[in-house]
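Visitor: Sharing a sequence plus its predicted fold:
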Amino acid sequence: MNGLCLGVSAMATYTIKRTAGEPSRWRIDYRGELNEAQYQAATALEGPVLVVAGAGSGKTRTLTYRVARLVESGVPARSILLLTFTRRAAAEMLRRAEALLPGGELDAATGGTFHSFSNAVLRRYGPLFGWPETFTILDRGDAEDTLQLVRTQLGLDKKERRFPRKQTIATIFSAATNRSLSIPDLVEREFTHLLDDLDDLLRCHAAYGAYKEEHRLLDYDDLLVALRDRLAGYPEFAERLRAVYRYVMVDEYQDTNVLQAEIVERLVGPGGNVMAVGDDAQSIYSFRGADVGNMLRFPDRFPGARVITLEENYRSSQSILDLTNAVIEQAVERYSKVLFTRRGTGLTPILIPAPDDRWQSLFVRQRLLELREEGVPLSEMAVLFRSSFHSFDLELELARSGIPFVKRGGFRFVETAHVKDVVAHLRVLENPRDAVSWHRILLLIEGIGPRAATSIVEWLAAGDRPPGALAAHPGGERLRGQALAALHQLGVFFAGLDPSRHGPAELVQAVVEQYRPVLERVHRDDAPKRMRDLEQFVVLAERFRSLGQLLADVALEPPADSVDDVMSVDATDDERLVLSTVHSAKGLEWSAVFVISVLEGRFPSAYSVEAGEIEEERRLLYVACTRARDHLYLSYPSLVHDRTMGSVPSRVSRFLDGLPSSLLERVTLVDEDAAYD
């Protein structure tokens with residue numbers, strides 16, 4: 001971020017040059033470069049302004065031209081503050097504006113994140129309110145290490161019941177701060193499996209705060225809290241900042257949290273010049289603390305605010321926009337806008353009710369290969385989903401077909417620790433001499449370390465013993481007591497499984513139930529989420545005839561264990577399909593987009609329905625669909641697996657149910673070549 005330029009001269013007053021119409025002396029042809037709504041936004045220079053920028057409507061271009069217009073109107077660059085969510089975004093906007101106004105006129109402008117701005121201001125103005133002359137900023141990793149230190153000092157690392165990891169503790173503390181919730185409220189809402197640890201979490205939070213204060217440390221959240229509180233508690237400080245930053249712009253306003261919105265309000269003051277740009281329909285990060293209410297109630301916080309809506313879309317065909325308009329039109333609370341484009345009507349989006357998850361995967365595979373033959377490269381296609389585990393079946397299908405892909409948002413199915421643990425149990429059933437899998441399984445037993453595990457594996461191999469033989473292991477100096485009892489119990493479990501009599505789904509289900517207590521102990525912080533993954537594994541196993549076939553498909557990964565991509569032998573970096581959660585896809589676009597598992601219980605998710613978060617789920621689907629330029633396919637399995645009821649009929653997402661065929665064409669899949677192996 002550029003320097004703050006807080007000298008006395010920066011507080012001089014000035015007047016914007018006023019002329020009628022568009023005088024020839026403007027170096028930039030604003031009307032020629034911008035559409036009418038963009039022009040209105042770029043030239044609205046004074047007072048509070050809210051720009052509701054629909055998807056693909058050129059908000060970055062609008063902000064860039066507004067910065068240039070301010071400078072051309074006589075506003076000193078040092079009086080302009082651009083707040084974004086990444087340094088890169090701020091730097092790119094200022095770079096583009098400077099390209100419009102060559103000559104170094106924007107060198108003194110300030111652009112950066114809320115956190116970097118807070119840091120710079122607190123260091124500059126610390127003496128005004130007795131702030132330490134020096135303090136250290138903790139990044140996320142530093143904060144987690146500090147929490148680990150505090151955790152150890154409190155003896156929380158020695159509890160019989162495993163205390164949450166430092167990463168989870170940091171997430172809880174940060175979420176509570178950014179969402180203005182107490183820790184008990186947050187844990188009760190979203191971390192119910194950690195309620196037994198609440199008292200210790202509160203002790204840890206208090207000790208963490210005391211440690212930071214003693215050592216003059218601030219984490220990222222402290223920066224925002226400190227600036228907010230100083231703006232509220234020191235009027236002179238607030239007035240001095242307002243005199244310096246006379247023109248404030250905030251990008252992606254729908255993603256601001258309560259703290260950030262309060263900073264903007266107190267920084268600008270009554271009647272100040274602030275422009276907030278964002279799209280309430282794309283507010284999808286409430287789990288990070290984002291509050292769409294900041295945008296929806298902007299006119300209330302800033303009386304007299306002018307609202308300008310950008311509705312012309314430069315990305316998608318009109319048919320795709322007609323569907324997205326219909327989806328978001330159902331929102332309970334929103335800014336009214338209807339996206340349109342000059343690109344043409346294009347192809348009608350298609351809805352595919354597949355018989356089950358397997359059929360859905362086969363359809364996606366076949367259609368993306370057809371599109372590739374039609375000239376759409378894999379890199380211009382993406383498969384989007386609500387939750388990471390929704391793509392597990394498709395990942396296996398793509399790997400088996402040799403189709404290269406990269407996954408964004410969550411680990412791949414076969415790379416998660418809990419899935420690897422379950423697979424290890426299955427592999428020793430198939431091959432009792434699999435020493436690697438045995439080591440993984442045995443090290444899950446409390447009291448068994450590497451040496452004991454090696455000894456057990458050697459004992460099994462020496463007698464060519466089956467897995468069930470563990471029930472009779474004699475134990476030894478390194479193996480006794482509870483560890484030996486757990487080993488015997490594992491042997492009894494294995495003795496009851498027979499791949500020749502039990503199908504793959506039965507075997508996976510049995511292993512998952514056996515593994516559940518281990519999961520809750522080893523991965524206690526996020527055990528519920530990991531269990532959902534394993535339940536999906538049971539569903540996947542149902543389409544295989546034998547355990548060997550299941551394990552072979554799971555093993556269809558490249559020789560290099562990369563979490564970044566799965567590459568076929570002849571694939572280049574430009575030939576990868578993208579698999580992504582919707583959250584990770586925001587801001588991106590592709591020619592063809594497949595949105596899978598668009599059904600009740602998955603999209604919207606069952607958790608969101610229970611938590612009353614339907615409106616954000618609707619916005620998620622809107623974001624997913626607006627990523628597509630030319631082709632949009634939405635699919636869902638008509639039958640889904642339920643642990644207690646088996647295969648049960650599903651229902652298309654409420655967000656699509658009842659939409660007319662003019663917006664969404666329904667296509668039925670036909671089995672021409674026997675879909676199952």
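Guide: Looks like it arrived, so ask away.
Visitor: The stretch 151-300 of the chain: helices as residue ranges?
Guide: Assigned by DSSP state H, counting those that start in this stretch, the stretch 151-300 of the chain shows helices spanning 166-178, 183-190, 198-214, 220-233, 235-244, 258-268, 293-296, 298-301.
Visitor: Which residues does the first one contact?
Guide: Helix 166-178 is contacted by residues 140, 143-145, 147-148, 151, 164, 181-183, 185-187, 190-191, 194, 201, 204-205, 208, 219-221, 224-225, 257-259, 287-289, 525-526 when judged by CB atoms under 8 Å, 6 or more residues apart in numbering. For glycine as for every other residue, the C-beta is placed from the backbone atoms N, C-alpha and C.
Visitor: If we use 6 Å, what do you get?
Guide: Helix 166-178 has contacts (CB atoms under 6 Å, 6 or more residues apart in numbering) with 143-144, 147-148, 183, 186, 205, 221, 257, 289, 525.
Visitor: how about the helices of the stretch 151-300 of the chain in JSON lines, adding mean pLDDT?
Guide: Shown next, in JSON lines, are the helices of the stretch 151-300 of the chain (pLDDT from 0 to 100):
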{"stretch": "helix 166-178", "mean pLDDT": "91"}
{"stretch": "helix 183-190", "mean pLDDT": "90"}
{"stretch": "helix 198-214", "mean pLDDT": "91"}
{"stretch": "helix 220-233", "mean pLDDT": "91"}
{"stretch": "helix 235-244", "mean pLDDT": "91"}
{"stretch": "helix 258-268", "mean pLDDT": "94"}
{"stretch": "helix 293-296", "mean pLDDT": "94"}
{"stretch": "helix 298-301", "mean pLDDT": "94"}
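Visitor: TSV for those, including distance to V609?
Guide: What follows is the helices of the stretch 151-300 of the chain, written out as TSV (distance: least, CB to CB, whole Å):
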stretch	distance to V609
helix 166-178	21
helix 183-190	15
helix 198-214	26
helix 220-233	30
helix 235-244	43
helix 258-268	25
helix 293-296	21
helix 298-301	29
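Visitor: what's the least confident helix or strand in the chain, going by average pLDDT?
Guide: Within the chain, no helix or strand scores below helix 547-554, which has a mean of 75 by mean pLDDT, DSSP states H and E.
Visitor: for the very next helix or strand once past that helix, packing partners?
Guide: Using DSSP states H and E, the helix or strand that directly follows helix 547-554 along the chain is strand 577-581. Secondary-structure packing of strand 577-581 (3 or more CB pairs under 6 Å, 6 or more residues apart in numbering; DSSP states H and E): strand 381-385, strand 405-408.
Visitor: at 8 Å what do you get?
Guide: Judged by 3 or more CB pairs under 8 Å, 6 or more residues apart in numbering; DSSP states H and E, strand 577-581 is in contact with strand 381-385, helix 392-401, strand 405-408.
Visitor: which residues are contacting it?
Guide: Against strand 577-581 from outside (CB under 8 Å, 6+ apart): 368, 378-379, 381-388, 391, 394-395, 398, 403-410, 585, 588, 590.
Visitor: which ones are touching R521?
Guide: R521 touches 162, 446, counting by CB under 8 Å, 6+ apart.
Visitor: quick one: it from R306, how far?
Guide: Distance, R521 to R306, using CB to CB, to the nearest Å: 57 Å.
Visitor: got any ranges where the chain has weak pLDDT?
Guide: For the chain, applying pLDDT under 70 flags the ranges 1-25, 104, 133, 159-161, 410-415, 552-553, 555-574, 642-646, 672-677.
Visitor: Longest helix in it, please.
Guide: What stands out as the longest helix in the chain, according to DSSP state H, is helix 504-522.
Visitor: Show me what counts as buried in that one.
Guide: Using 16 or more other CB atoms under 10 Å as the burial criterion, the residues of helix 504-522 that qualify are 504-512, 514-515, 518-519, 522.
Visitor: ok, those residues vs A44, which is closest?
Guide: Distance to A44, by CB to CB, is smallest for L519 among the buried residues of helix 504-522, at 55.0 Å.
Visitor: check contacts around the closest one.
Guide: So L519 contacts 418, 421, 527, 530-531, 534 (CB under 8 Å, 6+ apart).
Visitor: ok, 6 Å please
Guide: Counting by CB under 6 Å, 6+ apart, L519 makes contact with 418, 527, 530.
Visitor: Please work out how many residues are found near the closest residue to S180 other than its chain neighbours.
Guide: Spatial nearest neighbour of S180, chain neighbours left out: V258 (4.7 Å); criterion: CB to CB, 6 or more residues apart in numbering. By the criterion of other CB atoms under 10 Å, V258 has 19 neighbours.
Visitor: now V258: how far from A207?
Guide: According to CB to CB, V258 stands 25 Å off from A207.
Visitor: sorry, back to before: let's have the helices and strands packed on strand 577-581 in CSV, adding mean neighbour count and distance to R124.
Guide: CSV is the format used below for those (neighbours: other CB atoms under 10 Å; distance: least, CB to CB, whole Å):
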stretch, mean neighbour count, distance to R124
strand 381-385, 27, 43
helix 392-401, 21, 50
strand 405-408, 22, 38
